[in-house]
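Novice: fold the following, please.
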Amino acid sequence: MSIFRHLITCFLILVPITVFACGGEDTFLNDSGKILNKNISSSLDYTNANFMPEDAFGILLKALQNSRFKGEEFVFRKAEYVHGKLVYQFESKNYFEDVNAKYHFGPVNQNNHKVRIDVDAMTGNVYLASGCGGSPSQKIYTPTQLDKYIDFGDIYKKPFIQNNTGFISFSLDNQINIDGRLDEKAWENAMAQYFYTGKEKNRFYTEVKSYYDNTSLYFGVKTDSPYWLSLLFKEDPNMGMMWEYKDAFLMKSDGSVTDAHFAQRKDESYFLKKDIKSRIEDYSASQNGLYTYEFKIRLSPDDSDEDVSFAKNNDYSVVLMMGNTKEHYGLFTLDDAHKDHEHSKANKNHVNVQASSEEIFRIGGFPDKNLFDENITVNSDMLKSSFLGSYTPTKRYTQLSYTDTSKKFSAGITSFFIILMGSFIFLLFKKEKTGRSFFYEKILRSRYFHLIFTLPTVLIFLLIGFTGFFGEQLPRENLATVITWIIWWNLLVFSIILAGRLWCRICPFALFGDMVQKLYCFNKRLPKIFRNYYLQITFFVILTYIFVRFGIDKSPFYTAVLLLVFTVSAGLFSLMYKRRTFCRYVCPIGGALGIYSVISPVQVEKESDNTCSSHNQKSCIPACRTFENPVKMQNSVYCDYCMKCFTACEKNNLQLSKKRFGVGSALKTTLSSSETAGSYLLFGVVLVQTLSMTSVKTTTEKLIASIIGSQWAFETFFFLTVLIPLLSASLIFGIISLLSHNTKSNKEIIGKLSGESAIALIPLSLGLHLSHNFSHLVEEMRLVLPGITTSLQKLGTLSSLYADFNVTPVISSAAAVFSLQSVFMAGFTSVSLYVLKKRNLVNKSGRIFISVSLILLSILLVYVLSLPMAGGHVH
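Specialist: From the prediction side, this is the model:
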């Protein structure tokens with residue numbers, strides 16, 4: 001670095017910092033992080049500036065004339081001293097998904113998707129603001145002499161208020177109980193600031209609220225990130241360099257909140273060091289679906305070297321930082337621009353730190369002066385145009401990064417219709433391949449099947465139970481939650497399209513029941529009233545309610561308890577009742593898999609009608625452990641492929657038949673009344689699971705609460721959503737029944753309409769279930785390896801491995817994920833339409849009515865899938 005530049009640096013920050021952390025050189029700080037700005041004015045000195053902000057804006061508009069951003073609206077963001085320059089920074093109001101506008105906070109990159117541009121107040125040069133802290137980087141325009149004499153003042157007359165002051169701490173008018181739960185009533189008048197963090201895309205969402213009183217400052221933080229978080233403040237919002245952020249409040253998922261400051265070790269690694277004196281007066285945290293923190297700090301600092309002095313009517317820059325290691329809080333990554341620097345080498349264990357965009361925090365209300373100390377009058381129109389804080393009412397309940405839903409939906413719906421037409425035509429004209437599936441038979445009848453598949457499954461579930469009860473109760477670091485909810489629960493539904501209820505063949509709960517029966521069994525039959533599908537679907541609804549309401553997937557202990565309940569239930573039913581009564585009539589998981597297995601690609605069938613008719617003993621029937629009749633079986637709803645009927649058949653007349661992929665036995669299936677009702681309810685369950693992870697849930701709950709009160713708002717939302725498909729079908733077919741004058745023939749038609757709709761709904765329901773689980777798989781499978789590694793490390797193994805939780809998903813593009821979800825929906829909608837056409841059991845008008853209803857419903861579901869969704873499992 002030149003001596004001249006060094007002198008400018010010393011003048012600006014008034015401390016002996018030898019070099020910058022940008023542009024290829026290293027930064028040296030003292031261990032206390034002491035950075036003094038006492039002689040720097042809180043407003044900018046612009047006496048030597050050749051251009052005012054309004055002039056800079058005019059130059060910016062001219063610079064954009066020949067760029068792709070011509071006509072785009074840019075808004076003033078901030079003015080600051082950075083790298084020896086006084087710059088005015090402007091930001092696009094719109095997001096650009098294809099723009100790699102990395103915001104460079106130190107070497108921590110954040111893909112902001114907003115274009116930020118700096119204009120030099122001295123020269124008028126226009127730069128992309130992609131350097132450190134948004135400092136000038138690539139020059140994109142040099143003003144002409146003519147530009148310097150044009151009066152741009154009339155172009156932009158809105159007052160240039162310091163930065164994007166959208167995060168304001170108002171005076172406390174309620175009593176706040178610091179319990180970490182963010183009581184909605186207590187915080188309702190606080191302004192919210194939203195911070196988004198991630199590597200190449202914004203992945204985690206954090207909402208911060210604040211109040212103040214005469215002596216203290218209150219913060220409420222809500223996030224879907226399990227990593228450590230830190231709010232970092234700098235006293236002078238006009239100083240752009242990273243090391244100005246000397247005061248930090250560190251929050252960890254174990255519930256602690258620590259007063260810290262930015263510091264550097266002797267080996268040049270950076271971290272957040274605990275303050276000698278803490279100004280935190282009180283704090284608490286809670287984990288109830290999201291991580292929430294509340295803490296209270298003194299306005300006055302305990303140590304001027306380590307703390308920012310907060311005061312009413314002052315502005316402070318704030319960023320949120322996040323990392324995925326508990327022990328280290330390094331602020332530097334191994335970015336390519338810094339990989340050869342000493343500070344990067346020293347910080348190689350701290351590579352997964354993420355930074356939000358810089359925002360401005362103000363205490364006491366809206367400002368009455370602009371950044372040049374000129375008096376201004378704030379009105380509502382000015383706030384809309386001049387403040388760029390992340391707070392918008394439409395994002396209030398969004399738990400992911402921003403998304404352009406309309407464009408995303410347009411792309412997805414286009415894919416939907418193309419695939420829908422293509423796959424429907426394919427199904428119509430592609431000849432079905434039938435015959436015996438020797439491949440499946442060989443695997444399922446192998447003597448090594450249990451050794452290869454069942455035994456490992458049992459051992460894994462035993463390990464799940466052990467770690468759930470006795471391991472550390474952090475969901476991302478416990479085998480119970482990682483394996484159960486990320487691997488098993490997500491992949492379970494995908495197994496259906498491969499082999500129906502194959503899971504039931506290796507189920508450890510059923511195996512435990514079989515073991516109990518070998519010891520003793522009362523050999524009773526379940527009462528006839530319960531020998532239908534109603535028990536299974538009722539238990540599945542209850543299981544889903546508990547899952548959504550209480551977040552079992554986020555608790556290793558309750559995950560283990562749930563698996564224990566299944567095991568004990570299977571054992572008790574096996575003790576009381578013969579064969580696999582639990583699996584056939586009670587198990588909610590088997591019930592859901594069973595309905596979907598209508599479209600299983602393989603099915604047990606008799607090979608020859610004549611051979612079967614001439615065999616009177618029918619030894620295959622008593623051999624079936626799920627009470628099926630292999631001779632008359634229409635589908636695989638209750639078949640778990642145990643293959644005992646094959647062994648029992650003395651004529652060797654059974655085969656595993658191939659069915660059309662995605663269609664299965666749906667063309668010949670007749671559902672019982674309980675199975676018909678169950679298919680509607682199953683669709684309702686999948687629908688409520690999907691809606692519960694979008695903003696629809698909270699919005700609907702608030703609407704319900706305004707009518708009946710908040711006590712039962714969630715329960716009303718949940719059970720109404722589950723019942724909507726069944727109630728809608730009942731209402732529509734009931735109206736048709738009334739219009740038909742209750743004639744017997746018309747009643748039969750109504751019964752057929754109800755049954756046909758239920759069968760046609762099964763592929764659509766599975767399509768939604770697959771699409772929903774696919775989004776979880778893409779986002780969450782990256783956590784499996786580090787989650788298992790960390791869990792095993794706590795059991796005393798694999799201690800040498802590094803668990804990186806910040807792995808980029810296999811498919812990192814949200815648009816690509818949504819397009820694939822649209823493909824799933826289109827493919828299974830086409831199956832529904834194909835089944836409806838081929839069965840041909842209702843008249844033409846009935847088929848048209850059901851087909852149009854299915855297509856409209858599918859479009860609505862595609863839209864629901866396009867909405868931002870909260871992270872589902874294992875927070």
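
Novice: which element follows the top helix by length along the chain toward the C-terminus?
Specialist: Taking DSSP state H as the criterion, the chain has its longest helix at helix 744-780. For helix 744-780, the following helix or strand on the C-terminal side (DSSP states H and E) is helix 784-793.

Novice: what packs against that next one?
Specialist: Judged by 3 or more C-beta pairs under 8 Å, 6 or more residues apart in numbering; DSSP states H and E, the packing partners of helix 784-793 are helix 479-481. (Glycine included, C-beta is placed from N, CA and C.)

Novice: just give me how far the helix it packs on sits from the chain centre.
Specialist: Relative to the centre of its chain, helix 479-481 is centred 19 Å away, using C-alpha atoms, centre = their mean, to the nearest Å.

Novice: point out where the stretch 701-850 of the chain drops to low pLDDT.
Specialist: 737, 739-747, 749, 799-808, 812-813 (pLDDT under 70).

Novice: between the longest helix of the chain and helix 784-793, how big is the angle?
Specialist: Interaxial angle of helix 744-780 relative to helix 784-793 (axes from the mean of the first three to the mean of the last three C-alpha atoms, to 10 degrees): 70 degrees.

Novice: and helix 744-780, which residues are buried?
Specialist: Within helix 744-780, the residues scored as buried using 16 or more other C-beta atoms under 10 Å are 749-750, 753-780.

Novice: can you give me phi and psi for the most far-flung residue of the chain relative to its centre?
Specialist: The outermost residue of the chain relative to its centre, with distances by C-alpha atoms, centre = their mean, is Ser614 at 58.4 Å. Ser614 has phi and psi values of phi -80, psi -10 when expressed as degrees, to the nearest 10.

Novice: mind checking how far it is from Pro622?
Specialist: 19 Å (C-beta to C-beta, to the nearest Å).

Novice: check contacts around Gly591.
Specialist: Tyr533, Gln536, Ile537, Phe539, Phe540, Gly678 (C-beta atoms under 8 Å, 6 or more residues apart in numbering).

Novice: that older thread, how far away is the residue farthest from the centre of the chain from Lys606?
Specialist: 12 Å.

Novice: about what we covered before: distance to Val852, neighbour count and secondary structure added to the contacts of Gly591, as a markdown table?
Specialist: Output for the contacts of Gly591, formatted as a markdown table (distance: C-beta to C-beta, whole Å; neighbours: other C-beta atoms under 10 Å; DSSP: H, G, I helix; E, B strand; the rest coil):
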| residue | distance to Val852 | neighbour count | secondary structure |
| --- | --- | --- | --- |
| Tyr533 | 28 | 25 | coil |
| Gln536 | 31 | 26 | helix |
| Ile537 | 27 | 26 | helix |
| Phe539 | 34 | 17 | helix |
| Phe540 | 29 | 22 | helix |
| Gly678 | 24 | 27 | helix |
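
Novice: for the residues you listed, which one is nearest Phe714?
Specialist: Phe540 (18.5 Å; C-beta to C-beta).

Novice: and Gln175, what does it touch?
Specialist: By C-beta under 8 Å, 6+ apart, Gln175 lies in contact with Ala186.

Novice: against Arg77, how distant is Ser67?
Specialist: 18 Å.

Novice: now do Asn490
Specialist: Distance, Asn490 to Arg77, using C-beta to C-beta: 41 Å.

Novice: so for the two, which residue has more residues nearby?
Specialist: The neighbour comparison of Asn490 against Arg77 (other C-beta atoms under 10 Å) goes to Arg77, with 24 against 21.

Novice: tally of neighbours for Phe469?
Specialist: There are 15 residues near Phe469, going by other C-beta under 10 Å.

Novice: cool, and Asp120?
Specialist: Asp120: 22 neighbours (other C-beta under 10 Å).

Novice: my read: Lys578 touches Arg584, true?
Specialist: No: between Lys578 and Arg584 there is no contact under C-beta atoms under 8 Å: 10.6 Å.

Novice: so how many other residues sit close to the residue lying closest to Arg660 once chain neighbours are set aside?
Specialist: Leaving aside its chain neighbours, Arg660 sits nearest to Glu432 (4.8 Å; criterion: C-beta to C-beta, 6 or more residues apart in numbering). Glu432 is flanked by 11 other residues according to other C-beta under 10 Å.

Novice: ok, Glu605 next?
Specialist: Neighbour count of Glu605, defined by other C-beta under 10 Å: 17.

Novice: surely it is in a strand?
Specialist: Yes: checked against DSSP: H, G, I helix; E, B strand; the rest coil, Glu605 lies within a strand.

Novice: that one and Ser614, how far apart?
Specialist: Distance of Glu605 to Ser614, computed by C-beta to C-beta: 17 Å.

Novice: and what of Ser674?
Specialist: According to C-beta to C-beta, Ser674 and Ser614 sit 34 Å apart.

Novice: before we move on, what about Leu860?
Specialist: Distance from Leu860 to Ser614, by C-beta to C-beta: 53 Å.

Novice: flag the shaky bits of the stretch 151-300 of the chain, pLDDT-wise.
Specialist: The stretch 151-300 of the chain contains residues with pLDDT under 70 at 151-166, 197-203, 237-243, 264-270, 287-289.

Novice: can you map out the strands along it?
Specialist: Remark: strands assigned in the stretch 151-300 of the chain by DSSP state E, counting those that start in this stretch are 167-171, 192-197, 204-212, 216-223, 228-234, 247-251, 257-264, 270-274, 280-288, 290-298.
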